[in-house]
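>>> Sharing a model that was predicted from the sequence below.
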Amino acid sequence: MASVWVLVLLPIFAALLMLITANIRLQYLLVTFTVSFLSFISLKLFLTPATSIVFTFTSAMESVLIAADTVLLLYFLWQGYRFKARKVTALALLQLLLYALVEMSLQGHSGTTLIVDRLSVLMFLIINIVGGMIIFYALRYMADEAMSDFRKRLFSTYLLLFLSVMNTLVMANSLLLFFFLFEMTTLASYLLIGFRKDEVSQINALRALWMNQVGGVTILLGTLIAVTQFGTFYFDTLLETTGTYLLFAVALLAVAALIKGAALPFDSWLLGAMVAPTPVSAILHSATMVKIAPYLIIKLSPVLGGTLLGGVLSLTGALVFVAASYLALSRSVLKEILGYSTIALLGLMVSLAAIAAPESIMLAMALIFFHAFAKALLFLSAGVLEKSFHLKDIEDMKGLSAYAPQSVRYIMFGFVSLTLPPFGLFMGKLFAIESIASLLREEPWLTAVLLAILVGSVLLVLLYFKVASALLSSPSDITISKSEEMPLGFLVPLLLLSILSIGGALIFMMQQRELNLALFALPLLLLALVPWLRSRLERFDRTPTYHCGEKEEFDAALFYFEPTQRVKQLIYGGSALLFSAVLLAGAVS
């Protein structure tokens, strides 16, 4: 248990030191030590033979938790009043009421507060390795921000504290503790999205706040049912019980997961987070917070298998995968494209986890892991383009490979690791198709999930091709420069994420113990020839036959599938109905 407490307490201690450390070199040293030690502990726990680590809060610790929860909800109430945000205010009042009802319903319950299992240690790897690299990157990113040195240190302080919250959340067995930590991540979103303190940032921060508060309300409702109907507020005890209201409580918790994963129609809070500094997008979208969605569904999976609720959840995730992939094609801002692809892949992870078969759960965990590394790499690369070249829209990135070859290489590698073998996301989708196909005879409804995976995968490949084609285009009037100077604060995290992605893919392939799978590495070898082939091609601009030799713009990849207003209404209306269907399925199951 001592190692686990290091994961919780060390980031807090490092955050306090960050606040008082003005020297930038000492800040880098502090972050490097903290991240390295957290990563070492996480890897050690991951490689340790499967054993559960448990811990039970004392009555004094429970009292501190109640006080902290109350203060947090009162803070939300104050923010709603301060900014005249009625939704925030109303939801904070509702949460306070529900929390009071839950506490009044408790009668001497006892159980295990923290449990560290195999799912927890996998999440530790993602939180501390990927999240740690993002914090290292953030030191260099924030150096150019127009704010005081103290606020720059405060930004890194928030990120370090966020690691502690997430490390605790993924081992929470108490629903009350889980609610508190869930809302602490909501607080982190609010503070980080609004960190620049301009009007646009504040509007988006408040939207993220109230939407995630809805998830907090559903957790409290689920907890209230668990306490009043089953006499427990612990995950392990609840999932071992049977009863009329069990799946309704689970459905309420699942809705909270979908909201935290920004599933449609709650996608706007995550897309609004793009106004924040890029490390916020990276740590929210890849390493930590949105991974709560598939994490919680996996945690609930013991009671989902073979139920109507599990089927509806799986279909919901599959349709989010398709819808978000489609909507991404209408965007041209790189971070928004990456945001929609994150929402899509989270939907896929939720869909697989909700099937609740052992193989589908394993595949969902693999997707969680590999997506974290790939998407962190892409967001951090997008941040480099934003800081070094002031580029956000892919229409402004034509010819980028001619003068920013390093940045383009990392972005291209990120796309490769998302779409091609032998990387885990491709292999996970491939094995998911095989696994679902084997279940079709017993579960014919899975045909819809299978088709959604196929269609969504095609749309995402098309999306990445769209961006890659823009980056690799080279009009004749672009000046070539092969000496892009990338600061070490940017280069080191990008390089390490790339190396770890390759290493993870190789380990994943070796674990399959099938020699034929090695053939999947061939496309990667062929892809390695692309830079060489491209260097041999002449750059040109099209001149149609009947024109007078003037240059004509040709944006082969900058295509858009802009949905009509009617289509958008169908997508969002259908998504809202799916949320209702999840609750209805839980109520009638």
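Arrived safely.
>>> where's Glu386, which helix or strand?
For Glu386, the element it lies in under DSSP states H and E is helix 358-389.
>>> likewise Thr186?
When elements are assigned from DSSP H and E, Thr186 belongs to helix 175-193.
>>> Do me a favour and average the pLDDT over that helix.
Confidence over helix 175-193 (mean pLDDT, whole number) is 95.
>>> Report all helices and strands that the helix or strand that the helix holding Glu386 is followed by contacts.
Of the helices and strands lying after helix 358-389 in sequence (DSSP H and E), the nearest is helix 400-403. Using 3 or more C-beta pairs under 8 Å, 6 or more residues apart in numbering; DSSP states H and E as the contact criterion, the neighbours of helix 400-403 among helices and strands are helix 405-419, helix 446-472. Where C-beta positions appear, they are placed from N, C-alpha and C, glycine not excepted.
>>> Can I get these in TSV including mean pLDDT?
As requested, those are exported to TSV (pLDDT from 0 to 100):
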stretch	mean pLDDT
helix 405-419	86
helix 446-472	87
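>>> on that earlier part again, could I get the buried residue list for the helix holding Glu386?
359-361, 363-388 (16 or more other C-beta atoms under 10 Å).
>>> now swap in stretch 20-33 and tell me
By 16+ other C-beta under 10 Å, the buried positions in stretch 20-33 come out as Thr21, Gln27, Tyr28, Leu30, Val31.
>>> from the chain's centre, how far out does that stretch sit?
Between the centre of stretch 20-33 and the centre of its chain there are 27 Å (C-alpha atoms, centre = their mean, to the nearest Å).
>>> Can you tell me what sits against that stretch?
Contact partners of stretch 20-33, identified using C-beta atoms under 8 Å, 6 or more residues apart in numbering, comprise 14, 17-18, 132, 135-136, 139, 143, 149, 153, 156, 160, 489.
>>> Which residue ranges of the stretch 101-250 of the chain form helices?
Under the criterion DSSP state H, counting those that start in this stretch, the stretch 101-250 of the chain carries helices at the ranges 118-125, 131-142, 149-169, 175-193, 199-230, 235-238, 246-260.
>>> closest one to Phe37 among these?
Taking C-beta to C-beta as the criterion, helix 131-142 is the member of the helices of the stretch 101-250 of the chain that comes nearest to Phe37, at 9.5 Å.
>>> so what does the closest one touch, helix or strand wise?
Using 3+ C-beta pairs under 8 Å, 6+ apart as the contact criterion, the secondary-structure elements in contact with helix 131-142 are helix 24-47, helix 149-169, helix 278-282, helix 358-389, helix 488-512.
>>> Report the backbone C-alpha coordinates of the third one in CSV.
Read it as helix 278-282. Listed next in CSV are the C-alpha coordinates belonging to helix 278-282 (Å, rounded to 0.1, in the frame of the first residue of the first chain):
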residue,chain,number,x,y,z
THR,A,278,-2.9,22.8,-25.5
PRO,A,279,-1.6,20.8,-22.5
VAL,A,280,-5.2,21.0,-21.1
SER,A,281,-6.5,19.5,-24.3
ALA,A,282,-3.9,16.8,-24.1
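>>> Around the nearest residue to Ser164 once chain neighbours are set aside, count how many other residues there are.
Among residues not flanking Ser164 along the chain, Pro11 sits closest, at 4.0 Å (C-beta to C-beta, 6 or more residues apart in numbering). Applying other C-beta atoms under 10 Å, we find 28 other residues in the vicinity of Pro11.
>>> Remind me which helix or strand Pro11 belongs to.
Pro11 belongs to helix 2-20 when elements are defined using DSSP H and E.
>>> okay but Val408 is in contact with Lys398, surely?
No: counting by C-beta atoms under 8 Å, no contact exists between Val408 and Lys398, whose distance comes to 11.6 Å.
>>> Now do the helix holding Pro11 against helix 24-47, angle only.
Going by axes from the mean of the first three to the mean of the last three C-alpha atoms, to 10 degrees, helix 2-20 is angled at 170 degrees with respect to helix 24-47.
>>> what are the C-alpha coordinates of helix 2-20, in PDB please?
Taking only C-alpha atoms (Å, rounded to 0.1, in the frame of the first residue of the first chain), the coordinates of helix 2-20 have been written out as PDB:
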ATOM      1  CA  ALA A   2       3.000   2.300   0.500                       C
ATOM      2  CA  SER A   3       3.600   2.500  -3.200                       C
ATOM      3  CA  VAL A   4       0.000   3.400  -3.900                       C
ATOM      4  CA  TRP A   5       0.100   6.200  -1.400                       C
ATOM      5  CA  VAL A   6       3.200   7.600  -3.200                       C
ATOM      6  CA  LEU A   7       1.000   7.900  -6.300                       C
ATOM      7  CA  VAL A   8      -1.500  10.000  -4.300                       C
ATOM      8  CA  LEU A   9       0.800  12.100  -2.100                       C
ATOM      9  CA  LEU A  10       3.900  12.700  -4.300                       C
ATOM     10  CA  PRO A  11       2.000  14.800  -6.900                       C
ATOM     11  CA  ILE A  12       0.500  16.900  -4.100                       C
ATOM     12  CA  PHE A  13       4.000  17.500  -2.500                       C
ATOM     13  CA  ALA A  14       5.400  18.400  -5.900                       C
ATOM     14  CA  ALA A  15       2.600  20.800  -6.600                       C
ATOM     15  CA  LEU A  16       3.300  22.700  -3.400                       C
ATOM     16  CA  LEU A  17       7.000  22.900  -4.300                       C
ATOM     17  CA  MET A  18       6.100  24.100  -7.800                       C
ATOM     18  CA  LEU A  19       4.200  27.100  -6.300                       C
ATOM     19  CA  ILE A  20       7.300  28.400  -4.500                       C
END
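>>> For it, the averaged confidence score.
For helix 2-20, the mean pLDDT works out to 94.
>>> same question, stretch 38-58
Across stretch 38-58, the average pLDDT comes to 87.
>>> buried residues in that stretch?
Of the residues in stretch 38-58, those scored as buried under the neighbour-count criterion (16+ other C-beta under 10 Å) are Leu38, Ser39, Ile41, Ser42, Leu45, Ile53, Phe57.
>>> and of those, the nearest to Ser201?
Using C-beta to C-beta as the measure, the one of the buried residues of stretch 38-58 that approaches Ser201 most closely is Leu38, at 28.9 Å.
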